[in-house]
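S.K.: Next come a sequence and a model predicted from it.
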Amino acid sequence: KERFEANGLEVPANAAIVVMHVHTRRPLASDRIVYQNIFGTEFEVHAHNYSSLNKTQNLVSEKKGEITADYDLRRLASANIWELNDEH
């Protein structure tokens, strides 16, 4: 739920974030496979939702009006979590 409350706010350095692809509304992900090229070491980035396979108990929260059915409340896997740091 924190993810939705922080939408549009400033992001502090080294904070865990989810980066969404605007046109597909899918979170960016990386499989962390190392690719070597003329620019050095890189990782492939793609838009895919690696969400938890566990069922979430959202019906009670929907009934109380705390959330609505259009929220994707499954936990995202580590492939979708990004961290922007200020290291040089």
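M.R.: On my side now, so go ahead. Residues are numbered from 1 along each chain as shown.
S.K.: I'd like the distance between the nearest residue to Ile17 once chain neighbours are set aside and Ile38.
M.R.: Spatial nearest neighbour of Ile17, chain neighbours left out: Trp82 (5.3 Å); criterion: C-beta to C-beta, 6 or more residues apart in numbering. Yep, even glycine has a C-beta here, placed from its N, CA and C like the rest. Distance of Trp82 to Ile38, computed by C-beta to C-beta, to the nearest Å: 24 Å.
S.K.: And these two? Which one has more around it.
M.R.: Trp82 (16 against 4; other C-beta atoms under 10 Å).
S.K.: residue contacts, the residue nearest the centre of the chain?
M.R.: Nearest residue to the geometric centre of the chain (C-alpha atoms, centre = their mean): Val18, 3.0 Å. By C-beta atoms under 8 Å, 6 or more residues apart in numbering, the contact set of Val18 is Arg3, Pro27, Leu76, Asn80, Ile81, Trp82.
S.K.: Let's have those in TSV, adding secondary structure and pLDDT.
M.R.: Below are the contacts of Val18 laid out as TSV (DSSP: H, G, I helix; E, B strand; the rest coil; pLDDT from 0 to 100):
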residue	secondary structure	pLDDT
Arg3	helix	63
Pro27	strand	91
Leu76	strand	80
Asn80	helix	86
Ile81	coil	87
Trp82	strand	88
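S.K.: ok, so of the residues you listed, who is nearest Phe43?
M.R.: Trp82 (11.0 Å; C-beta to C-beta).
S.K.: what residue of the protein is the furthest out?
M.R.: No residue in the chain sits farther from the centre than Ile38, which is 28.8 Å out by C-alpha atoms, centre = their mean.
S.K.: how close does it get to His46?
M.R.: From Ile38 to His46 the distance is 21 Å (C-beta to C-beta).
S.K.: Flag every buried residue along the lengthiest strand in the chain.
M.R.: Across the chain, the strand with the greatest residue count (assigned by DSSP state E) is strand 28-37. Residues Leu28, Ala29, Ser30 are the ones in strand 28-37 that count as buried (16 or more other C-beta atoms under 10 Å).
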